[in-house]
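[1] Pasting the sequence and the predicted coordinates here, then a few questions.
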Amino acid sequence: MGRDSARPSMLKMTVLEVLQSTTDYFKKRKIDNPRSNAEHLLAQVLGRTRMELYLEFERNLVETELAMLRELVRRRGQGEPLQHLLGTVEFCGHIFLCDKRAMVPRPETEELVEFLKSQIPGSKPQILDVGTGSGVIALSLAEQFPDAQVHAADISEDALALARENAARLGLSDRVRFAKSNLLAEVDGVFDLMIANLPYISTQDRHLLSREVLHDPEVALFAGAKGDELICALIEQAPPHLRPGGLLALEIGLGQSEALFSTLAEKNYRDICSRNDYSGRTRFLFARYG
């Protein structure tokens, strides 16, 4: 690809040849799902869907298209997340803006939202999303439950700006109230449901993270030496903000469930239970208070 001999040359290549060449390059760079990544990036450059590419396999790319693609392929090969390069991510059936201002939403969090849809209480529920990031949890629930009063808090101004942009794109700006807050420090009110996907990675585990994950903001990844510090702090702060019987829903890190289960019990939560993600790992904790 151009002057970099480590990347395949794409001059005078068809769509099919470009896809094959880029896929091979991504395989060498140990990029997961190399063909899918190649299709996404080429579709982005050409303004096509991935399916439409299959109808244009014999089309020759012009130099301006090749130049745009070379840069995207270079960045993806260096580990920049695909979602950052595309500028969007699909979450619970909706398209959200996605960039370096907040963590890339994970499939496991979609599982949490889908489960919570069956747990939302009846009339005009009050919902709080703590550590909202790009706003995907709060906005997905607001869209699903039009009569809900949804609030979202985050310590990061950058993340909140991105969340507000997503709210505007989805026509939900008047439905979700965003606030800058360190956990619940600046949050008022009581809630029927409090959800939190907080940072839960130990600072000592940085070396275990992939290149892609390390492109997320550090404030969205690392909690402290143990990894569960912020979740424990929220468990401590939450009771005055939960209605009697209100539900606290937590996404947690691997290996943290037993200690956090004990912490919830010590703080007089009830109906404490865990739930596995689709890979069979304990990923979510639920508890009620009062």
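    Arrived safely, thanks for sending. Residues are numbered from 1 along each chain as shown.
[2] Gly77: neighbouring residues, count only.
    Number of residues near Gly77 (other C-beta atoms under 10 Å) recorded here: 21. C-betas here are computed from N, CA, C, even on glycine.
[3] what's the answer for the one 4 residues further on, then?
    Other residues within reach of Pro81, judged by other C-beta under 10 Å, total 22.
[4] ok, which stretches of the stretch 1-150 of the chain are helices?
    For the stretch 1-150 of the chain, the helices defined by DSSP state H, counting those that start in this stretch occupy 15-28, 34-46, 50-53, 63-77, 82-86, 107-116, 136-144.
[5] deepest of those, which one?
    Compared across the helices of the stretch 1-150 of the chain, helix 136-144 shows the largest average neighbour count, a mean of 25 (mean count of other C-beta atoms under 10 Å).
[6] what's that helix packed up against?
    Secondary-structure packing of helix 136-144 (3 or more C-beta pairs under 8 Å, 6 or more residues apart in numbering; DSSP states H and E): strand 94-97, helix 107-116, strand 126-130, strand 149-154, helix 157-169, strand 176-180.
[7] closest to Thr64 out of these?
    Thr64 lies closest, by C-beta to C-beta, to one member of the helices and strands packed on helix 136-144: strand 94-97, at 25.2 Å.
[8] separation between Arg70 and Lys28?
    According to C-beta to C-beta, to the nearest Å, Arg70 and Lys28 sit 16 Å apart.
[9] re the thing from before, for Asn37, find the nearest of the helices and strands packed on helix 136-144.
    Using C-beta to C-beta, those put helix 107-116 closest to Asn37, at 16.2 Å.
[10] hmm, who's touching that closest one?
    91-92, 136-137, 140-141, 193, 195, 197, 249, 251, 275, 277-278, 283-284 (C-beta atoms under 8 Å, 6 or more residues apart in numbering).
[11] at 7 Å what do you get?
    Taking contacts as C-beta atoms under 7 Å, 6 or more residues apart in numbering, the residues outside helix 107-116 that touch it are 91-92, 137, 140-141, 195, 197, 249, 251, 275, 277-278, 283-284.
[12] Now do the SS call for Lys226.
    Assigned state for Lys226: coil (three-state reduction, DSSP: H, G, I helix; E, B strand; the rest coil).
[13] Verify the stated contact: it with Ser202.
    Yes - Lys226 lies in contact with Ser202 (C-beta atoms under 7 Å); the separation is 6.0 Å.
[14] who's more crowded, those two?
    Between Lys226 and Ser202, Ser202 has the larger neighbour count (other C-beta under 10 Å), namely 19 against 15.
[15] need the contact list for the more buried one.
    Contacts of Ser202 (C-beta under 7 Å, 6+ apart): 225-227.
[16] how about these in a markdown table, adding pLDDT?
    Converted to a markdown table, the contacts of Ser202 look like this (pLDDT from 0 to 100):
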| residue | pLDDT |
| --- | --- |
| Ala225 | 94 |
| Lys226 | 95 |
| Gly227 | 95 |
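[17] of those, closest to Thr49?
    Each of the contacts of Ser202 was scored against Thr49 by C-beta to C-beta, and Gly227 proved nearest at 39.4 Å.
[18] Next, the contact list for that closest one, please.
    200-202, 253, 256.
[19] so where's the longest strand in this structure?
    Criterion DSSP state E: the longest strand present in the chain is strand 242-251.
[20] coming back round to it: nearest to His84 among the helices and strands packed on helix 136-144 would be which one?
    Nearest of these (C-beta to C-beta): strand 94-97, 10.6 Å.
[21] Quick check: neighbours of that closest one in the sheet, parallel or antiparallel?
    With DSSP bridges as the test, strand 94-97 is paired with strand 88-91 (antiparallel).
[22] In contact with Ala161, which residues?
    Listed by C-beta under 7 Å, 6+ apart, the contact set of Ala161 reads Arg101.
[23] how does it look with 10 Å?
    The neighbours of Ala161, taking C-beta atoms under 10 Å, 6 or more residues apart in numbering as the test, are 101-102, 134, 154, 178.
[24] Look up how far Leu41 lies from it.
    Distance of Ala161 to Leu41, computed by C-beta to C-beta: 26 Å.
[25] cool, Gln149 as well?
    Applying C-beta to C-beta, the value for Gln149 to Leu41 is 40 Å.
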